[in-house]
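Asks: sequence and predicted structure are below.
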Amino acid sequence: MNKMQNKLPFFYCFIGFCFIFANADSFLPNVELSALLSIKSSLIDPLNHLKDWKNPTNELKNHSPHCNWTGISCNSKGLVEKVDLSNMNLSGIVSDSIQDLRSLSILNICCNNFTSSLPKSLANLTSLKSIDASLNNLIGKFPIGLGMIPGLISINASSNNFEGLLPDDIGNSTSLDSLDFRGSFFEGSIPSSFGNLKKLRFLGLSGNNLTGRLPTELGRLSSLETIILGYNQFEGSIPGEFGNLTSLRYLDLAVGTLSGQIPGELGQLKNLTTVYLYQNSFSGKIPPEIGKIKSLIYLDLSDNQISGEIPYEIAELKNLQLLNLMCNNLTGHVPEKLGELAKLEVLELWKNSLAGPLPQNLGKNSPLQWLDVSSNSLWGEIPSGLCDSGNLTKLILFNNSFSGSIPIGLSNCSSLVRVRIQNNLISGSIPIGLGNLPKLQRLELANNNFTGRLPEDFTLSTSLSFIDVSRNHLVSSLPSSILSVPKLQTFIASSNNLEGKIPDQFQDFPSLYVLDLSNNHFSGQIPQSIASCEKLVTLNLRNNQFTGEIPKTIATMPTLAILDLSNNSLVGRIPQNFGSSPALESFNVSYNKLEGPVPKNGILITINPNDLVGNAGLCGGILPSCSRSIIHTTREKKVRINHIVAGFLVGISVILAVGMLVFTGRWLYKRWYLYENCFNNLSKNNSERPWRLVAFRRLNFTSSDILACLKESNVIGIGGTGIVYKAETHRPHNIVAVKKLRRSETDIETGDDLFAEVELLGKLRHRNIVRLFGYLHNETDVMMVAMLHKNETVSMVAGSYGYIAPEYGYTLKVDEKSDIYSFGVLLLELLTGKMPLDPTFGESIDIIEWVRRKGNKKTLKEALDPDIVGRCKYVEEEMLLVLKIALLCTAKLPKDRPSMRDIITMLGEAKPRRKSISHNWGFTANKEKIIFAHSPVISLL
């Protein structure tokens, strides 16, 4: 009995504990329900995906109603084991309340707009197996402690904005199967503890700011199938220990700063299908051991410093589909046995120093799609079977010494999209059939030895957009319908022996951008209908035998920027409307038979005189003034000559007298020419129209105060566009500069445009742009009122020091290229945060010279504004791209500077590299898509 009494307390304790645990089972679901509601309260849900996440009625609380909520899955006990909020456009904060979901094994918040950090409390979810936070904008450091979760299998945090070091404790997650930290801003080195992840099959760390050497410990990951570490800044070489990754199938170390030789140990990886090592600094030779990787499908070693010959062992890779070795220092011949690779689709060997012929069987035994061996020293004939499989899309052979004729098989290759074989020694006629190819868009045959006629079937093409047959020996006339090809944008047939008239069918030619027929024997008149080409940018007809007048309609073409009609036999006058052509940047009519005055408007005001030479009858404008003899009759000329002879003796004495007065007269004449005209006009305008002052800020003077100061004694500067006066008022005291603009009759007719430009200048705020106070006008003339600098002088130089193009010093002319130079200086200002003549540069050094002295890419970074460039790696990359554009704009020679049209295009394309974001490349994705998505090929596709 006593024994029973002794055991009774234990019995009651046991019953009590059972009661507590029974209540706990019913209590936990309520805790999780509250946790989920707390999580929701921290989220922004614009599409109301979580509308069913709401507090239930009392009678439902004991039935785990949250298990039926959107994105929630529970186990048999009613506890949450999966939260899937992916692709819901959610933002806000991931709440710490998530730690209350103690049974949670799967957390997926990918593909949303979260911009906060992940809660540190994630480490308390001891049942967690998978976390996917990819494709957000999460910031801060990745939470530590996840390495302590024993059953963690997958971490995907790719494509975010995480920073700091990679969590070292993740090396303790020995069950981890997949680790993806691609596309953030992690820095530092890869933790050596990652070598403990013996079950890891996927490791993605590309697109970060990681540095240091690749850890040799990674060679212990015997289960690893995919490793993607590119787009970082690692140093040193690939560890030989990588040869121990016996399960490896996908190796991507592309776009980085790795160097040294490619280890031969990679030849031990018998399962490897993909090797991407492009855009690094690898040197030495290609290891022949690579030929042992029989499973290899994609091999890209391009854009490195690899030298030596292509190992013949590579021809043993029978599964090879892509071989990219371009942009290296390879020499020797292309192995003949490459032509026997039965699965080869892409072969890129361009920009090396390879010599000899191409394998003659190339394409005969494989589904070849892309062949680019341009910019080498290859010779011999083009292999005849390149398109035997019917798959060839790109044939790029330019800048070599290929000879012979174009294989007839190419004219039947219906898959062709681009043919670029310029700058070779190819001869014979252009084969008939190319014009019938349904997909052919680009045909470049320039600078070869082609003879015969242009094939008539070019006119039948429905796809050709670019044709260049220049610098050959083609004869006869153009096919009558060549200008009716519907998609043709560029047609270049210069430097041949073509003759006859230009087909007058431009009205059917809506897409043409460039037409170059220069250096031929074309004759007849320039067709009037050429003006119907509304997209034409460049028209070059120089060095032919064209006659007749310049069509006036050409001046109305809305996009025409470059017009070269030089070295012909054109007659008549330059049409008056050419100066006002809307887009014209370059106009050359030299060496014709033109006559009459040169129009004094638009581009013709600043045109280079060399673009007008060789026309004895042209005068006026920028040329010497037109003589009266141009408009006199022959009889009047004879009478004038007689008068000159009769008055010669009298005149000689007058000349001697005048000669004594020349030296004093020159000074007086110059002052009269510069000032008197202006004062007379000003006086006349003052009496005819009242002056009105338009202010850009509050002013303490009137138009009358300004006009009273416009006298000769107040002139402080004379420029090509007008005279500058110093104006001083006394109640209250102000000193300003007033510039009276010199305007032609044409300028006066378009006065509204000038007023709009002055209004715009008044709104500009920049430390190197003089601030305008306002302007005066009387509906005809304009005077700008601006701040006067302390030196009280205005230079006659056309521009501000530091922005002036160097050629102005000897040409004294300003044109588009001068403006490009100034624009480049402005870009450099924005990028560096320095002034054009910053005193920190040193004596006689401007911003351009200072930047150029930085030299290579690494030191160029030092020129960028540190207050901006340090904020983001990709901002730095974009700034470097724009810096290169600025250096192009500021080239010393005007001809080396791009046009503004090209600058706009380059600025639009100056974007940093795209970060890798796919969460399963090389793991479960289609391998064919991998190579074309992750290789330099994509930029050309």
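Replies: Received it, and whenever you're ready, just let me know what you need. Numbers count the residues shown, from 1 in each chain.
Asks: residues touching residue 89, list them.
Replies: 45, 46, 47, 49, 112, 113 (Cβ atoms under 8 Å, 6 or more residues apart in numbering). C-beta here means a position set from N, CA and C on the backbone, and glycine is covered the same way.
Asks: give me the buried entries from those.
Replies: 45, 49, 112 (16 or more other Cβ atoms under 10 Å).
Asks: got these as TSV, with pLDDT, secondary structure and distance to residue 57 columns?
Replies: Output for the buried ones among the contacts of residue 89, formatted as TSV (pLDDT from 0 to 100; DSSP: H, G, I helix; E, B strand; the rest coil; distance: Cβ to Cβ, whole Å):
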residue	pLDDT	secondary structure	distance to residue 57
45	94	coil	23
49	94	coil	23
112	95	coil	31
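Asks: hang on, isn't residue 705 packed against residue 735?
Replies: No: the pair residue 705 / residue 735 is not scored as a contact, 11.7 Å apart, by Cβ atoms under 8 Å.
Asks: about what we covered before: any chance of the buried ones among the contacts of residue 89 in a markdown table, plus distance to residue 620?
Replies: Shown next, in a markdown table, are those (distance: Cβ to Cβ, whole Å):
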| residue | distance to residue 620 |
| --- | --- |
| 45 | 74 |
| 49 | 75 |
| 112 | 70 |
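Asks: who touches both of residue 705 and residue 735?
Replies: residue 727.
Asks: give me the more crowded residue out of those two.
Replies: residue 705 (18 against 12; other Cβ atoms under 10 Å).
Asks: so the more buried one belongs to a strand, correct?
Replies: No: counting by DSSP: H, G, I helix; E, B strand; the rest coil, residue 705 falls outside a strand, being helix.
Asks: now it, nearest residue through space, not along the chain?
Replies: In space, and not counting its chain neighbours, residue 705 is closest to residue 729: 4.5 Å by Cβ to Cβ, 6 or more residues apart in numbering.
Asks: assumed the one you found was part of a strand.
Replies: Yes: the assignment for residue 729 is a strand, going by three-state DSSP.
Asks: identify the residues contacting it.
Replies: Contacts for residue 729 were tallied using Cβ under 8 Å, 6+ apart; they are 700, 701, 705, 709.
Asks: residues near residue 713, how many?
Replies: 7.
Asks: give me the pLDDT for it.
Replies: Looking at residue 713, its pLDDT reads 74.
Asks: and it, backbone torsions?
Replies: When read as degrees, to the nearest 10, the backbone of residue 713 gives phi -70, psi -20.
Asks: what separation is there between it and residue 727?
Replies: As for residue 713, its distance to residue 727 is 12 Å (criterion: Cβ to Cβ, to the nearest Å).
Asks: cool, and residue 396?
Replies: For residue 396, the distance to residue 727 equals 65 Å [Cβ to Cβ].
Asks: for the stretch 501-650 of the chain, what spans make up the helices?
Replies: Along the stretch 501-650 of the chain, counting by DSSP state H, counting those that start in this stretch, helices occupy 634-646, 648-671.
Asks: buried residues, stretch 593-608. List them.
Replies: Within stretch 593-608, the residues scored as buried using 16+ other Cβ under 10 Å are 594, 595, 596, 597, 598, 599, 601, 602, 603, 604, 607, 608.
Asks: with stretch 112-119 instead?
Replies: Buried residues in stretch 112-119, counting neighbours by 16+ other Cβ under 10 Å, are found at 112, 114, 116, 117, 118, 119.
Asks: repeat for stretch 253-271
Replies: Neighbour counts using 16+ other Cβ under 10 Å place 253-256, 258-259, 262-263, 265-269 of stretch 253-271 among the buried residues.
Asks: next one: stretch 431-440
Replies: Neighbour-count burial for stretch 431-440, counted by 16+ other Cβ under 10 Å, picks out 431, 433, 434, 435, 436, 437, 440.
Asks: can I get it in CSV, CA atoms only?
Replies: Presented in CSV, the C-alpha positions along stretch 431-440 are these (Å, rounded to 0.1, in the frame of the first residue of the first chain):
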residue,chain,number,x,y,z
PRO,A,431,26.8,33.7,-108.2
ILE,A,432,23.1,33.9,-109.3
GLY,A,433,20.8,32.8,-106.6
LEU,A,434,21.9,34.8,-103.6
GLY,A,435,19.0,37.3,-104.2
ASN,A,436,16.5,34.4,-104.0
LEU,A,437,17.6,33.3,-100.5
PRO,A,438,14.5,33.9,-98.3
LYS,A,439,16.4,34.8,-95.1
LEU,A,440,19.5,36.6,-96.4
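Asks: show the average pLDDT along it.
Replies: Mean predicted lDDT for stretch 431-440 stands at 93.
Asks: can you get me a residue count around residue 616?
Replies: 9.
Asks: swap that for residue 55, please
Replies: When counting by other Cβ under 10 Å, one arrives at 12 neighbours for residue 55.
Asks: doesn't it belong to a helix?
Replies: No: applying three-state DSSP, one finds residue 55 to be coil, outside a helix.
Asks: quickly find the element holding the nearest residue to it once chain neighbours are set aside.
Replies: The spatially closest residue to residue 55, leaving aside those adjacent along the chain, is residue 37, at 6.4 Å (Cβ to Cβ, 6+ apart). Residue 37 is located in helix 2-41, with elements delineated by DSSP states H and E.
Asks: contacts for the helix or strand that that helix is followed by, please.
Replies: Where DSSP H and E defines the elements, the next helix or strand beyond helix 2-41 is strand 43-44. Residues external to strand 43-44 that are found in contact with it (Cβ under 8 Å, 6+ apart): 50, 90, 91, 92, 93.
Asks: spit out the contact partners of the third one.
Replies: Under the criterion of Cβ under 8 Å, 6+ apart, the neighbours of residue 91 are 43, 44, 112, 113, 114, 115.
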